[in-house]
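Undergrad: Got a predicted structure here, sequence first:
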Number of protein chains: 2
Amino acid sequence: MSAKYPQAITEMIEQFKKLPSVGPRSAERIAVWMIQNTKANPLELAECLKVANEEVTLCKECGFFATDEYCGVCDSPRRDHHLLCVVEQPTDVVPMEKAGVFEGYYHCLGGKLSPLDNITPHDLRIAKLYERVESSPGIEVILALSADVEGEATCNYISEGLEKYDCKVTRIAQGLPAGGGLEHADALTLTKALQGRR
Amino acid sequence: MSAKYPQAITEMIEQFKKLPSVGPRSAERIAVWMIQNTKANPLELAECLKVANEEVTLCKECGFFATDEYCGVCDSPRRDHHLLCVVEQPTDVVPMEKAGVFEGYYHCLGGKLSPLDNITPHDLRIAKLYERVESSPGIEVILALSADVEGEATCNYISEGLEKYDCKVTRIAQGLPAGGGLEHADALTLTKALQGRR
């Protein structure tokens, strides 16, 4: 006796539920909004998804998002060839570029070493990193991975691997975030901030 | 010098931003997830949106979601023909049906009277309501609109309009919600709860 949504709406709800930061309630709201709201344009969104699915790939060189073989950064001749910033994900490049503080090139690993999740060096773009470093003697490799256990482990692994190449390996600093006072900092952050004092 | 997302991703972000309960940060997360995550299936979602856009319409009789001319409720011969529950939106039917406490038919107005938003009786499915009531002498019309100023005004308007038909007009009760104690109730709810005592 229960009147439910038509199948097509139920399927939309299921699809929206899968998205990150969308719960079952939001999924229902979004699906119904898609049908009812005059501002909603399901076909436009559908087209968008198709285009993105077809066009977006990862840059062959650095692993950032690209629509051609190489991304906008690797394609640019104006950047500093002596700097290579290693990040975990393509998404990490965007805040760096928005801040506009880095002029070199990037290398996205695609994750970090994590034995628990079965992520080994072979699952990351580490071999490609060595290859790039080998072809640019004297380059500075800046490791900008996250400040957690897996990030540390990945940094250590890469640092060791890079020892045999002609390069300088540095790591971005850990310490107090801008605007953050001592009272909000946890013990580990304080330890790192003290160790990194200049 | 700024490396941004490829155009296709930026467009996805713009599209996701429009969805209800999705902010700019979530939109970015969802768009990137669509590209990166192995569980993401942009084409499946796109197809879903297209199908819903084509298939889902509103029931000719009651205004609930339907894929045919009539919805599942109106199509069912087993329901009580003497009861007609008037709600604002098609979405209001779903919680009623989930609760499984109502056995009659529905009538979705598509909104409520609101002079401020320029919503007049002609914008709502009120004429169709009168038509349905006229063809079912002796029917009970249960007004289940929201308990706010516009809801009240709409109830009053409909009640007056129904006076000339052979029907009984009732309103769903207002009072304390289940599980709600007196300490959490506002003054208006208390007034209504007292007035509605049995």
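TA: Here it is on my side, so go on. Numbering: from 1, shown residues only, chains lettered A, B, ... in the order given.
Undergrad: Contact partners for A:Arg171?
TA: Neighbour list for A:Arg171: A:142-144, A:155 [criterion: CB atoms under 8 Å, 6 or more residues apart in numbering or on different chains]. Where you see a C-beta, it was placed from the backbone N, CA and C, and this is true even at glycine.
Undergrad: can you pick the most crowded of these?
TA: Counting neighbours by other CB atoms under 10 Å in any protein chain shown, the top entry in these is A:Leu143, with 22 neighbours.
Undergrad: Dig out what that residue forms beta bridges with.
TA: Per DSSP bridges, the residues bridged to A:Leu143 are A:Val86, A:Arg171.
Undergrad: Got the confidence number for it?
TA: As predicted, A:Leu143 sits at a pLDDT of 93.
Undergrad: Likewise for the one 3 residues further on?
TA: Looking at A:Ser146, its pLDDT reads 88.
Undergrad: what's the neighbour count on it?
TA: Neighbour tally, A:Ser146, other CB under 10 Å: 15.
Undergrad: Same question for A:Glu134.
TA: 14.
Undergrad: Pull the contacting residues for it.
TA: For A:Glu134, the contact set (CB under 8 Å, 6+ apart) comprises A:Tyr165.
Undergrad: mind checking how far stretch A:123-137 is from the chain centre?
TA: Centroid separation between stretch A:123-137 and its chain, computed with CA atoms, centre = their mean, to the nearest Å, is 18 Å.
Undergrad: again, but for stretch A:103-113
TA: 8 Å.
Undergrad: and it, average pLDDT?
TA: 93.
Undergrad: in it, what's buried?
TA: By neighbour count on 16 or more other CB atoms under 10 Å in any protein chain shown, the buried set for stretch A:103-113 is A:104-113.
Undergrad: One more: stretch A:31-42?
TA: In terms of neighbour count (16+ other CB under 10 Å), stretch A:31-42 has its buried residues at A:31-35, A:40-42.
Undergrad: These also near chain B: which ones?
TA: Among these, the residues within reach of chain B (CB under 8 Å from any CB of the partner chain) are A:31-35, A:40, A:42.
Undergrad: Widest-spaced pair of those?
TA: A:Val32 and A:Pro42 (11.9 Å; CB to CB).
Undergrad: Who's the closest spatial neighbour of the residue nearest the centre of chain A, skipping the chain neighbours?
TA: Taking CA atoms, centre = their mean, the centroid of chain A lies closest to A:Gln89, which sits 2.4 Å from it. With CB to CB, 6 or more residues apart in numbering or on different chains as the criterion, A:Gln89 has its nearest non-adjacent residue at 6.1 Å, and that residue is A:Cys108.
Undergrad: A:Gly63 is in contact with that neighbour, correct?
TA: Yes. Between A:Cys108 and A:Gly63 there is a contact under CB atoms under 8 Å: 3.5 Å.
Undergrad: got any residues that touch both of the two?
TA: A:90, A:125.
Undergrad: pLDDT weak spots in chain A?
TA: For chain A, the stretches with pLDDT under 70 are A:1-3.
Undergrad: Could you measure from A:Ala153 over to chain B?
TA: Computed with CB to the nearest CB, to the nearest Å, the distance linking A:Ala153 and chain B is 22 Å.
Undergrad: Okay, and that residue sits in which element?
TA: According to DSSP states H and E, A:Ala153 maps onto helix A:149-162.
Undergrad: Run through the neighbouring helices and strands of that helix.
TA: The contact analysis (3 or more CB pairs under 8 Å, 6 or more residues apart in numbering or on different chains; DSSP states H and E) places helix A:149-162 against helix A:126-134, strand A:139-143, strand A:167-171.
Undergrad: tell me which of the buried residues of stretch A:31-42 is nearest to B:Glu163?
TA: Distance to B:Glu163 across these (CB to CB) is lowest for A:Val32, with 33.7 Å.
Undergrad: Give me the phi and psi for the closest residue to that closest one other than its chain neighbours.
TA: Take A:Val32 and drop its neighbours on the chain: the residue closest to it by CB to CB, 6+ apart is B:Thr91, 5.3 Å away. When read as degrees, to the nearest 10, the backbone of B:Thr91 gives phi -60, psi -20.
Undergrad: returning to what we had before: how about the residue nearest to A:Gln89, what does it touch?
TA: Counting by CB under 8 Å, 6+ apart, A:Cys108 has contacts A:58, A:62-64, A:87-90, A:92-93, A:125.
Undergrad: So which of these sit within strands?
TA: The members of the contacts of A:Cys108 that map onto strands under DSSP state E are A:58, A:87.
Undergrad: And the contacts of A:Cys108, which is closest to B:Arg198?
TA: So of these, ranked by how close each gets to B:Arg198 (CB to CB), first place is A:Gln89, at 61.3 Å.
Undergrad: Might one say that that closest one is in contact with A:Gly110?
TA: Yes. Between A:Gln89 and A:Gly110 there is a contact under CB under 8 Å: 7.0 Å.
Undergrad: Test my guess that A:Tyr5 contacts B:Phe65.
TA: Yes. Using CB under 8 Å as the test, A:Tyr5 is close enough to B:Phe65 to be in contact (6.0 Å).
Undergrad: before we move on, the earlier item: look up the residues forming beta bridges with the residue nearest to A:Gln89.
TA: Beta-bridge partners of A:Cys108, as defined by DSSP bridges: A:Val87.
Undergrad: just to revisit the earlier point, would you mark the buried spots in the helix holding A:Ala153?
TA: By 16+ other CB under 10 Å, the buried positions in helix A:149-162 come out as A:150-152, A:154-155, A:158, A:161-162.
Undergrad: Could you pull up the residues touching the residue nearest to A:Asp123 when sequence neighbours are not counted?
TA: Spatial nearest neighbour of A:Asp123, chain neighbours left out: A:Gly111 (6.7 Å); criterion: CB to CB, 6+ apart. By CB under 8 Å, 6+ apart, the contact list for A:Gly111 reads A:88-89, A:119, A:123-124.
Undergrad: could the residues you listed go into a markdown table alongside distance to B:Pro24?
TA: Formatted as a markdown table, these follow (distance: CB to CB, whole Å):
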| residue | distance to B:Pro24 |
| --- | --- |
| A:Glu88 | 22 |
| A:Gln89 | 19 |
| A:Ile119 | 30 |
| A:Asp123 | 31 |
| A:Leu124 | 30 |
